[in-house]
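> coords below, sequence missing:
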């Protein structure tokens, strides 16, 4: 399986699932949806607004790093907005636009772009000064996917914790594409 085949469908289907959660939240909250953006699970965690932005950032970041291309200012701005979400959570409309842009980015990617990488090491420097050196495959498996799922699951959990009626079917809505009709035999 190529890195594109692993990452693009995974990120796209889960961001679409998150869009469904946000739809449910909006239907449940009505006009007071912006207030949800400041909700969090614990006092030392980022709020919902940040988690949405971080999930969108994490879904796009690998495609630059894996191609050895600097992160664009627009993507860095999403991360910065996440870091600043305690003071400025933004609006529900902005959160939805961020999500829409991330899905648009993923669906526009050229399928072979990630598979042209060489065997170079990806150096991932964190703001605290730590640097991780990984192969492209290690980076995708051990950093990209866990980071993305952490923020994605946190969005789900914050919404659920604050009364949005979500269940497991909302989390894995993409699985309905594989559902065998009642009475059908396996292929």
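Looks like it came in fine. Source: prediction; values computed, not measured.

> Could you use CA atoms for every contact and neighbour count after this?
Fine.

> The nearest residue to residue 161 once chain neighbours are set aside: how many residues sit nearby?
Spatial nearest neighbour of residue 161, chain neighbours left out: residue 41 (7.6 Å); criterion: C-alpha to C-alpha, 6 or more residues apart in numbering. By other C-alpha atoms under 10 Å, 16 other residues sit near residue 41.

> Surely residue 41 is in contact with residue 158?
Yes. Residue 41 lies in contact with residue 158 (C-alpha atoms under 8 Å); the separation is 5.9 Å.

> which residue is nearest the middle of this structure?
Residue closest to the average C-alpha location in the chain (C-alpha atoms, centre = their mean): residue 55, at 2.9 Å.

> What helices and strands are in contact with the helix or strand that residue falls within?
For residue 55, the host element (DSSP states H and E) is helix 48-65. Applying 3 or more C-alpha pairs under 8 Å, 6 or more residues apart in numbering; DSSP states H and E, one finds that helix 48-65 makes contact with helix 73-83, helix 92-107, helix 145-161.

> Any buried residues in that helix, and which?
Buried residues in helix 48-65, defined by neighbour count with 16 or more other C-alpha atoms under 10 Å: 48-63, 65.

> Equivalent analysis for stretch 75-88, please.
The neighbour-count check on stretch 75-88 (16+ other C-alpha under 10 Å) flags 75, 78, 79, 81, 82, 83, 85, 86 as buried.

> So in the chain, where's the weakest helix or strand by average pLDDT?
Within the chain, no helix or strand scores below strand 122-125, which has a mean of 88 by mean pLDDT, DSSP states H and E.
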